[in-house]
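Colleague: Here is my input, please return the structure:
(chains A and B)
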Amino acid sequence: MTATDAVLTMESGSRRAELLRLFLQPIAAVVLVGGVLLWAFSQDLDAIEVVSLNANTLLNSTWEHVLITAAVTVLVVVVAIPLGIVLTRRWARKIAPIFIGIATIGQAAPAIGVVVLYFLWTEQEGLWAAAIPLAFVSLLPVLRNTMVGIQQIDPALVDAGRGIGMSSLTVLRRVELPLAVPLILAGLRTSLVLAVGTATLALFVNGGGLGFIIDSGYKVARTTVLLTGAALAVGLALLVDWLGALAERYLGPKGLR
Amino acid sequence: MPEQQTSVGIELDGVTKRYTGQREPAVDSFTMTINPGETTIFVGPSGCGKTTTMRMINRLIEPSAGRITIGGDDALSLNPDDLRRRIGYAIQQAGLFPHLTVAQNVAVVPGLLKWDKKRINARVEEMLSLVGLEPSEFLHRFPRQLSGGQQQRVGVARALAADPPVLLMDEPFGAVDPITRGNLQDELMRLQSELRKTIVFVTHDFGEAVKLGDRIAVLGDRSRILQYDTPEAILANPADDTVAGFVGAGASLKQLTLLRVRDIELGQTVTATEDESPATVRQRIEADGRKFALVLDGRGRPLRWVHARQLGGDSLAGTGAPVGDLVSSQSTLQDALEAILTEGGDAVVTGTRGEYIGTVQLDTVVGKIRELREEHQS
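Modeller: Here you go, the predicted model:
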């Protein structure tokens, strides 16, 4: 077998692996969550455990978790994509490192610290008090990928666009952004998974979410409760990552696939 | 915006480009009149400023000084985007948008000009046919599904879609293989003979310049015009050593590609038909002081060369050597020379129905080149 053959096989192999993953990931998430729930509810639950381990509380916490994640996602999209676009404009290139630096601090800092600092600063509680600092924490992947996505476009395409009479805004809208979509989506997927994970910290500012279940289990020393909360969070993360993978696969420009 | 069918000329007057931080200007006071409906080639070594000069015409690069008028309008006072929609633009490797289909790529400029949908669709199909791509097959393909040559054709179709009177081409055929490049050049010549656009074409390939250009501007450092003339004149009489160096060896051979057989006086030879007796043919050859006769068929089409020595038999049928390369009056003198070399004698010229109309002799070709050289020297 020649070297080219090996590469070809590997490529088609990794594509098949990707398809298999797309298919198996949601199943794994459902099996994991279902298994842990079945196991938890088959135990003899004492009075303390029942406070957390009932359908109402679990559904409620999961829904809150989804809401926080959604709020973080909206904030990230609304802030990071436009900021990424602006920072790739020629006049803004000099200040780009400053913003990348700030976003890197956000990602490097412990999420819980950012959440607490934001609370100490604003003294606000609730969903948005959690979503805003968590958005700061998970901003970088989308910001950086938006910038890279635009910068990696062949300059000849921008030149062709301007040369046939597109304004710079039209070039951005019809050439640069569509071609950057695959990378932006990849960044968004990473940000989303970060957001699902860190949303467990929302409980510290009264934001609710699955962190509440995990924290209760820890405080009352009930492993069943703790594990159920953790399994739900993991299952949600897997599901969100899967949605991200689907988006990357089907929302990117057709001509590039 | 009204259709722009009439050709427009371009005037550049003292056009200069200075970049900050560089002492020498990139383009230094460039003045040129580009004739309407002609293909003008900017040719010169890499980095001489030819592309910069061309890009100032559609203001992708803003001139630091000077005036540019296109069809009488001051280009520098127009909105640059509006200006560019009136000027076709084709670049190396086509610059097609990979996320748009062929149809969408070609439709960009008509779309920017707010044509209605029906008109755009009709125009897109028309343009694809024009550049030799079957619309039904190519409309919905993406650029990555096309060969390099096909991409380049779509690039030209896109540049021409809004029927701009002016077309700027920046080394459009630089990135394709030589055979495809030759085909694309032929295609462009065919298009241009129909459309008569004012084309400004940048290349560093002097052969391409000779083939495509009505006029060639040989540019030196800082876009200085070393010579601006017809290809024939530049080949026959390069203005200075730099131009001569750029024209390169084989200027006379390149010149042969510009001349057609119809441009020279055809010679004649002794002809015979197959039913004539060899003896009379030999008499004619000897009376003419030649050694060969050309045997024609019933419709006057050349068949074989026979030597006087072969005329001893009873019949002309089957004697002599078949005529190999034929040329027509449309053929270039290069083709004729090629035929002379392979035949080892005069090249036979045939008319539209394949009938014999004359011969090209080596002396005639040599004489024509000499005549041209003298004409351009005076």
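
Colleague: element containing A:Gly217, please.
Modeller: Using DSSP states H and E, A:Gly217 falls within helix A:211-219.

Colleague: Is chain B within reach of whatever helix or strand comes next after that helix?
Modeller: Using DSSP H and E, the helix or strand that follows helix A:211-219 in sequence is helix A:223-251. No. No part of helix A:223-251 sits near chain B under the criterion CB under 8 Å from any CB of the partner chain; the closest distance found is 12.1 Å. Where C-beta positions appear, they are placed from N, C-alpha and C, glycine not excepted.

Colleague: Check which helices and strands helix A:223-251 is in contact with.
Modeller: Here helix A:223-251 touches helix A:3-42, helix A:47-52, helix A:55-87, helix A:177-198, helix A:211-219, going by 3 or more CB pairs under 8 Å, 6 or more residues apart in numbering or on different chains; DSSP states H and E.

Colleague: got the residues of the stretch 1-150 of chain A near chain B?
Modeller: Contacts of the stretch 1-150 of chain A with chain B, taken as CB under 8 Å from any CB, are absent.

Colleague: Low-confidence regions, the stretch 1-150 of chain A specifically.
Modeller: Along the stretch 1-150 of chain A, the model assigns pLDDT under 70 to residues A:1-13.

Colleague: Can you list the strands that the helix or strand harbouring B:Gln227 pairs with?
Modeller: Element membership for B:Gln227 (DSSP H and E) is strand B:225-229. According to DSSP bridges, strand B:225-229 forms sheet pairs with strand B:215-219 (antiparallel).

Colleague: Can you give me the pLDDT of the residue nearest the centre of chain A?
Modeller: Chain A has A:Leu192 as the residue nearest its centroid, 0.8 Å off, counting by CA atoms, centre = their mean. pLDDT for A:Leu192: 92.

Colleague: follow-up on the earlier one: hey, which of the helices and strands packed on helix A:223-251 is tucked in deepest?
Modeller: Most buried of the helices and strands packed on helix A:223-251, by mean neighbour count (mean count of other CB atoms under 10 Å in any protein chain shown): helix A:177-198, with a mean of 22.

Colleague: that older thread, distance to B:Arg18 added to the helices and strands packed on helix A:223-251, as JSON lines?
Modeller: JSON lines is the format used below for the helices and strands packed on helix A:223-251 (distance: least, CB to CB, whole Å):
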{"stretch": "helix A:3-42", "distance to B:Arg18": "49"}
{"stretch": "helix A:47-52", "distance to B:Arg18": "74"}
{"stretch": "helix A:55-87", "distance to B:Arg18": "30"}
{"stretch": "helix A:177-198", "distance to B:Arg18": "33"}
{"stretch": "helix A:211-219", "distance to B:Arg18": "63"}
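
Colleague: Which of the ones you listed sits closest to B:Arg85?
Modeller: Of all those, helix A:177-198 sits nearest to B:Arg85, with 21.0 Å by CB to CB.

Colleague: Run a quick neighbour tally on B:Leu113.
Modeller: Around B:Leu113 there are 15 other residues, counting by other CB atoms under 10 Å in any protein chain shown.

Colleague: now the strands for the stretch 201-350 of chain B?
Modeller: B:215-219, B:225-229, B:271-273, B:292-296, B:302-307, B:321-322, B:326-328, B:347-350 (DSSP state E, counting those that start in this stretch).

Colleague: mind putting those in TSV, mean neighbour count included?
Modeller: TSV is the format used below for the strands of the stretch 201-350 of chain B (neighbours: other CB atoms under 10 Å in any protein chain shown):
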stretch	mean neighbour count
strand B:215-219	25
strand B:225-229	19
strand B:271-273	17
strand B:292-296	21
strand B:302-307	20
strand B:321-322	11
strand B:326-328	18
strand B:347-350	24
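
Colleague: Is it possible to get TSV of the ones you listed that adds mean pLDDT?
Modeller: Compiled in TSV, the strands of the stretch 201-350 of chain B are given as follows (pLDDT from 0 to 100):
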stretch	mean pLDDT
strand B:215-219	94
strand B:225-229	93
strand B:271-273	87
strand B:292-296	88
strand B:302-307	89
strand B:321-322	86
strand B:326-328	87
strand B:347-350	90
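
Colleague: Out of those strands, the one nearest B:Asp81 is which?
Modeller: Of the strands of the stretch 201-350 of chain B, nearest to B:Asp81 by CB to CB is strand B:215-219, at 27.6 Å.

Colleague: Number of residues surrounding the closest residue to B:Pro80 other than its chain neighbours?
Modeller: Spatial nearest neighbour of B:Pro80, excluding adjacent residues (CB to CB, 6 or more residues apart in numbering or on different chains): B:Arg59 at 4.6 Å. Using other CB under 10 Å, B:Arg59 has 20 other residues around it.

Colleague: quick one: contacts for residue 150?
Modeller: As the question left the chain open, I've gone with chain A. Contacts for A:Ile150 (CB atoms under 8 Å, 6 or more residues apart in numbering or on different chains) come out as A:Gly84, A:Ile85, A:Thr88, A:Glu176, A:Leu177, A:Ala180.

Colleague: that's the wrong chain, I meant chain B
Modeller: So B:Gln150 contacts B:Leu133, B:Phe138 (CB under 8 Å, 6+ apart).

Colleague: Near residue 240, how many other residues are there?
Modeller: Looking at chain A here, since you left the chain open. Residue neighbour count, defined by other CB under 10 Å, stands at 20 for A:Val240.

Colleague: my bad, the chain I had in mind was chain B
Modeller: With other CB under 10 Å as criterion, B:Asp240 counts 11.

Colleague: show me the contacts for the spatially closest residue to it that is not a sequence neighbour.
Modeller: Leaving aside its sequence neighbours, B:Asp240 sits nearest to B:Leu226 (CB to CB, 6+ apart; 6.5 Å). Listed by CB under 8 Å, 6+ apart, the contact partners of B:Leu226 are B:Gly44, B:Val218, B:Leu219, B:Gly220, B:Ala239, B:Asp240, B:Thr242, B:Val243, B:Phe246.

Colleague: Now, these that are in helices?
Modeller: Secondary structure defined by DSSP state H assigns B:Thr242, B:Val243, B:Phe246 of the contacts of B:Leu226 to helices.

Colleague: And the contacts of stretch B:210-221?
Modeller: Residues from elsewhere that reach stretch B:210-221, judged by CB under 8 Å, 6+ apart: B:32, B:35, B:38-44, B:48-50, B:53, B:185, B:188-189, B:201, B:209, B:225-231, B:234-235, B:239, B:242-243, B:246-247, B:254, B:257-258.
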